[in-house]
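Peer 1: can't give you the sequence, but here's the structure:
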């Protein structure tokens, strides 16, 4: 059997994450979303988003990337939320039977307002 390999990046809340004001957290989240959208625009990110209803609240988000794990780690460590010490990254390879998973080319939100449908262009 043939397998497709995808690089997964788990975004994990650091136990020593700095406390931020609501305004600082919102600004950092927008920078994080813009960074992830840029990765998508550059062809590195094919899917991703926040995790909810998870058993482990440290798990904050997941990204599925087109590059090798080393490149995914390097790029993910450039994320503003990682740089600020709020998130850490865990990188792994996900193997699925060839053709089992397909991704559509849809835009990623660049801010919380865009994600909520509040921005107009």
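Peer 2: Structure received. Since we're looking at a predicted model, the values are computed, not measured. Numbering: from 1, shown residues only.
Peer 1: Stretch 53-69 spans what distance, first to last residue?
Peer 2: Stretch 53-69 has an end-to-end distance of 27 Å (criterion: C-alpha to C-alpha, to the nearest Å).
Peer 1: which residues sit in contact with residue 86?
Peer 2: Contact analysis of residue 86 by C-beta atoms under 8 Å, 6 or more residues apart in numbering lists 13-14, 17-18, 20, 28. Backbone N, C-alpha and C define where each C-beta goes, glycine included.
Peer 1: Just put those residues in TSV and tack on neighbour count and pLDDT.
Peer 2: Formatted as TSV, the contacts of residue 86 follow (neighbours: other C-beta atoms under 10 Å; pLDDT from 0 to 100):
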residue	neighbour count	pLDDT
13	16	97
14	15	97
17	15	96
18	10	96
20	14	96
28	18	97
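Peer 1: can you tell me which residues contact the closest residue to residue 63 other than its chain neighbours?
Peer 2: Distances taken as C-beta to C-beta, 6 or more residues apart in numbering place residue 48 nearest to residue 63, at 3.7 Å, with adjacent residues excluded. For residue 48, the contacting residues are 9, 36, 61-64, 108, by C-beta under 8 Å, 6+ apart.
Peer 1: Looking at those residues, which is nearest residue 94?
Peer 2: Among these, residue 64 lies closest to residue 94 (C-beta to C-beta), at 7.5 Å.
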